[in-house]
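In: I would like to see how this sequence folds:
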Amino acid sequence: MTKPTIYLAGNPNSGKTTTFNILTGLHQKTGNFPGVTVECKSGQLVLPNQEKINIIDLPGAYSFYPTSMDERIVVQHFVDLSSGTFPQYVIYVADMLHIEKHILLLEQILDTGAQVILVLNMADQAERHGLDIHLDILRKYLHIPVIKISARKGLGIEELKNAILQTIESPKKQRKLFYPIPKDEQNRIDQLKAQFPQYNDYQRLLLLHHYQWLPFLSKDQRKSIQEAASGYDSLKGQIEETMTRYNHFLPIVHQSIQKLQGANSGFSDKFDAILTNKWVGPIIFFVIIFFVFQAIYSWAGYPMDLIDGWFSDLNSYVKSTLPAGWFRNLLADGIIAGLGGIVIFIPQIAILFLLIGILEEIGYMARAVFLFDRLMQRFGLSGRSIVSLISGGACAIPAIMTTRTISNWKERLTTILTVPFISCSARLPVYVLLVGIAVPEKYYWGFNLQGLAFTGLYTLGIMAALLGGLALKYLIKTDEKGFLAMQLPSYRLPVWRNIFLGIWEKTSSFVIGAGKIIMVISIIIWAMASYGPKDSMSNAETLARQTAQETHLTPSQTANLVASYRLENSYAGRLGKFIEPTIKPLGYDWKIGIALLTSFAAREVFVGTMSTIYSLGEDADQQSLRQKISNYRNQDGQLVFTTATSFSLLIFYVFAMQCMSTLAVVKRETNSWKWPALQFFFMTGFAYLAALLVYQLMK
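Out: Numbering: from 1, shown residues only. Now for the predicted structure:
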């Protein structure tokens, strides 16, 4: 006998995911629903008889008339009877504080024939707010089990498990539809009975509404439904159904609600009046985000340095233990360096999702989204996008991962494509180096010129992101409407279990998903920079050692000179010289070209590459590197890093695609190479043209 599968359904912010987490614990995994990038959480639930059953957490939805990809996924599950994914058993989680807003979707699910258990979550908070529910009234009206729980505190969970076991073991009950289908609609769906005999009347009505986008319908089925729907006003039918249902169930729900005495229910409203105020709200938001931003910088610094040190020690150990050769170099400079480039991002990702998770759990992020939605809509983005854009100032990788909270596909994609314009922390070493060369350390009117230059660079990135969103608003076509519909959750203490499960999920998905791509590209870049035509590499090393001997260089300086000559003659060096005619109009030579190429691994690699190619050791500090390259002259005796060249490089790094890690995450989040490819070529082309304009105007 096949194991039954339980589906969790409910409105967003109903506590559905908290319920899922407490039912499954760590026995869960995350993937995507077939054919889409909407996240799918599944796990195993152990029943009181020790039987294990599968449990799937459906996306949050408000009704069967979808306004987002999440809601379409939910509808598809309840009307697709051919794939075996119809939710026969459903746990419907509702917020006990706002129960009247949750019954619409519940009735619609019941009308599909699913066997449902209604779970009234947040019973502890309802009691504090002076609310209770007469369960017998709801049970009599709905004819299903109704249970009160507090998923946050684990109250009522055993009763819920017993109800699940009893529902699975009980025979399926036939019930009348809650929605009395009007005569015109009944005549239309009667035409579909022959082709859809296994469907009930309400499921056929849903086909009538949604046949244009349901992916499982065949061409003939779609044609039959289209004929039945000829002249039918779907929007009018949706409104009539919604109003009929509300008029039917609201009196029953209000009858079931019991007001308790002595409880304070105005706490949330008082805080909302401050946090969502159009003047005070943004100030509070930016103070909070400033703290988050600073925490990512400061808290992640030590563990990132620690990880960097571990991998550096491991690299040194491998080099000192294994015999010299290609395998040692591959292991030390390719694989270990590639792993280090993946793992070093974990502290930033974990800290970001820790802080964002806390803000979400206490109910603040929903209010921030509401506060900024109108402004962000003008730029083709969502209120939810602002969290991703600001997080991008620390690192684009976790920032792009935060877009999973954006339900509208177009707004989520627009956010993913524009986040890399925000200057991340990895660009900081590049900015420090080049601003130090291009901008004098002087003060005007009490302002440091270099500080103003930094502000200008970050401002340019923000403007590019917003203008990019505005352009994509008109370029990306979709039938999905971009408006925000949400229920502001009650303020509550965070559930640490949810937060740490979220951190584990996000960090592990990055390491496993994007990490594979990063590793491959890291090894390719290492190979190109380490190898070249055999004769050329040998001659380069011989020439470097002769030069070192003639100029009486130290062993360390000799090693650096050899590395510089080998890099010049490697495949990466040859590629740098190959692209030199292309980048020469920007004021760059082949050495800068190599740095541009290698910095695609990570932006801060630019500084390390410049250190190597200008024969400086890895222990050289920023000041010595700045002095060396600012005084470097080409064969004609002209300065290479002029003010024009330095500003051109700065502008290029402001607008260019950040790094391969970002591309890998974009690929993972969009489930396609199309968007990261378009993103890479557009941002690179735009950066090239902007840098060209700056250089030609300033030279």
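In: following the helix or strand that Asp124 is a member of, which helix or strand shows up next?
Out: Element membership for Asp124 (DSSP states H and E) is helix 123-128. Later in the chain than helix 123-128, the nearest helix or strand by DSSP H and E is strand 131-133.
In: List the buried residues for that following strand?
Out: Buried residues in strand 131-133, counted by 16 or more other C-beta atoms under 10 Å: Leu131, Ile133. Glycine gets a C-beta too; all of them are placed from N, C-alpha and C.
In: Following the chain onward from that strand, which element is next?
Out: Counting by DSSP H and E, what follows strand 131-133 is helix 135-142.
In: which residues make contact with the helix holding Asp124 from outside it?
Out: Helix 123-128 has contacts (C-beta atoms under 8 Å, 6 or more residues apart in numbering) with 96-97, 120, 132-133, 148-150, 152-153, 155-156, 260, 263, 490, 492.
In: Now, those residues that are in strands?
Out: Leu120, Asp132, Ile133, Lys148 (DSSP state E).
In: List the contacts of Gly468.
Out: Here Gly468 is in contact with Leu417, Thr418, Phe421 (C-beta under 8 Å, 6+ apart).
In: Now neighbour count, pLDDT and secondary structure too, for the residues you listed, in a markdown table please.
Out: Formatted as a markdown table, those follow (neighbours: other C-beta atoms under 10 Å; pLDDT from 0 to 100; DSSP: H, G, I helix; E, B strand; the rest coil):
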| residue | neighbour count | pLDDT | secondary structure |
| --- | --- | --- | --- |
| Leu417 | 24 | 95 | helix |
| Thr418 | 28 | 95 | helix |
| Phe421 | 26 | 94 | helix |
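In: which residues of the chain fall in strands?
Out: Using DSSP E, strands in the chain cover 5-10, 28-32, 39-46, 52-57, 89-95, 115-121, 131-133, 146-148, 257-259, 443-444, 447-448.
In: which residues of the stretch 151-300 of the chain score low on pLDDT?
Out: The stretch 151-300 of the chain contains residues with pLDDT under 70 at 260-267, 293-294, 297.
In: what's the most distant pair in the ones in strands among the contacts of helix 123-128?
Out: Leu120 and Asp132 (10.1 Å; C-beta to C-beta).
In: which one in the ones in strands among the contacts of helix 123-128 is the model shakiest on?
Out: The member of the ones in strands among the contacts of helix 123-128 with the lowest pLDDT is Asp132, at 88.
In: what's the distance between that one and Gly392?
Out: 45 Å (C-beta to C-beta, to the nearest Å).
In: Least confident secondary structure element in the protein?
Out: strand 28-32 (a mean of 50; mean pLDDT, DSSP states H and E).
In: count of residues packed around the nearest residue to Leu355 once chain neighbours are set aside?
Out: In space, and not counting its chain neighbours, Leu355 is closest to Val292: 4.8 Å by C-beta to C-beta, 6 or more residues apart in numbering. By other C-beta atoms under 10 Å, the residues close to Val292 number 21.
In: okay if I get the strands of the chain as JSON lines plus distance to Ser530?
Out: Output for those, formatted as JSON lines (distance: least, C-beta to C-beta, whole Å):
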{"stretch": "strand 5-10", "distance to Ser530": "51"}
{"stretch": "strand 28-32", "distance to Ser530": "37"}
{"stretch": "strand 39-46", "distance to Ser530": "39"}
{"stretch": "strand 52-57", "distance to Ser530": "47"}
{"stretch": "strand 89-95", "distance to Ser530": "55"}
{"stretch": "strand 115-121", "distance to Ser530": "57"}
{"stretch": "strand 131-133", "distance to Ser530": "68"}
{"stretch": "strand 146-148", "distance to Ser530": "63"}
{"stretch": "strand 257-259", "distance to Ser530": "71"}
{"stretch": "strand 443-444", "distance to Ser530": "45"}
{"stretch": "strand 447-448", "distance to Ser530": "41"}
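In: Any idea which of these has the lowest pLDDT on average?
Out: Among the strands of the chain, strand 28-32 scores lowest, at a mean of 50.
In: May I have the phi/psi pair for Phe379?
Out: phi -100, psi 20 (degrees, to the nearest 10).
In: shouldn't it be in contact with Lys473?
Out: Yes - using C-beta atoms under 8 Å, Phe379 is in contact with Lys473, at 7.0 Å.
In: In the record's domain split, what are the boundaries for this structure?
Out: Annotated domains of the chain cover 5-169, 183-259, 266-415+495-515, 435-474, 570-698 [automatic domain parsing].
In: still on that earlier bit, for the helix holding Asp124, buried residues please.
Out: Ala123, Asp124, Gln125, Ala126, Arg128.
In: mind listing what the residue nearest to the spatial centre of the chain touches?
Out: In the chain, the residue lying closest to the centroid (C-alpha atoms, centre = their mean) is Met401, at 1.9 Å. Contacts for Met401 (C-beta under 8 Å, 6+ apart) come out as Ile349, Phe353, Lys506, Ser509, Phe510, Val665, Glu669.
In: distance of it from Trp299?
Out: 18 Å.
In: Ala529 now?
Out: From Ala529 to Trp299 the distance is 33 Å (C-beta to C-beta).
In: same thing with Pro676?
Out: 29 Å.
In: what about these two, which has more around it?
Out: When Pro676 and Trp299 are compared for neighbours, Pro676 comes out ahead with 23 against 16, by other C-beta under 10 Å.
In: who touches the more buried one in this structure?
Out: Taking C-beta under 8 Å, 6+ apart, one finds Leu663, Ala664, Val666, Lys667, Thr670 in contact with Pro676.
In: Look up how far His552 lies from it.
Out: Where His552 is concerned, Pro676 sits at a distance of 50 Å (C-beta to C-beta).
In: Please apply the same query to Thr418.
Out: 54 Å.
In: Please apply the same query to Lys148.
Out: 85 Å.
In: Just want to know which of these two has more residues nearby.
Out: The neighbour count for Lys148 versus His552, taken as other C-beta under 10 Å, is higher for Lys148 (21 against 8).
In: give the contact list for that one.
Out: Here Lys148 is in contact with Met96, Leu120, Ala123, Ile133, Leu135, Gly156 (C-beta under 8 Å, 6+ apart).
In: Would you confirm that the first one contacts Leu131?
Out: Yes - taking contact to mean C-beta under 8 Å, the distance of 6.8 Å between Met96 and Leu131 places them in contact.
In: Quick one: mean pLDDT over stretch 349-366.
Out: For stretch 349-366, the mean confidence score works out to 83.
In: Pull out the buried positions in it.
Out: 349-361, 363-366.
In: Where helices are concerned, which of those count?
Out: 349-361, 364-366 (DSSP state H).
In: picking that back up, spatially, which two of the contacts of Lys148 are the most separated?
Out: So, the contacts of Lys148 by C-beta to C-beta: farthest apart are Ile133 and Gly156, at 12.7 Å.
In: need the contact list for Asp272.
Out: Arg367, Leu488 are the contacts of Asp272 under C-beta under 8 Å, 6+ apart.
In: so how far is Ser490 from it?
Out: For Asp272 relative to Ser490 (C-beta to C-beta), the value is 10 Å.
In: excluding its backbone neighbours, what's nearest Leu47?
Out: In space, Leu47 is closest to Leu165, 4.8 Å off (C-beta to C-beta, 6+ apart).
In: Let me know whether that neighbour touches Val46 as I believe.
Out: No - in this structure Leu165 lies outside contact range of Val46 using C-beta under 8 Å: 10.7 Å.
In: residue contacts, Ala228?
Out: Arg188, Ile189, Gln191, Leu192, Leu208.
In: The fourth one contacts Gln226, correct?
Out: No - with contact taken as C-beta under 8 Å, Leu192 and Gln226 are classed as non-touching, separated by 11.0 Å.
In: Neighbour count: the two, which is higher?
Out: Leu192 (23 against 13).
In: Distance-wise, check the more buried one relative to Asn200.
Out: Taken as C-beta to C-beta, the span from Leu192 to Asn200 is 11 Å.
In: same deal with Thr558?
Out: The value you get for Thr558 to Asn200, if C-beta to C-beta is used, is 83 Å.
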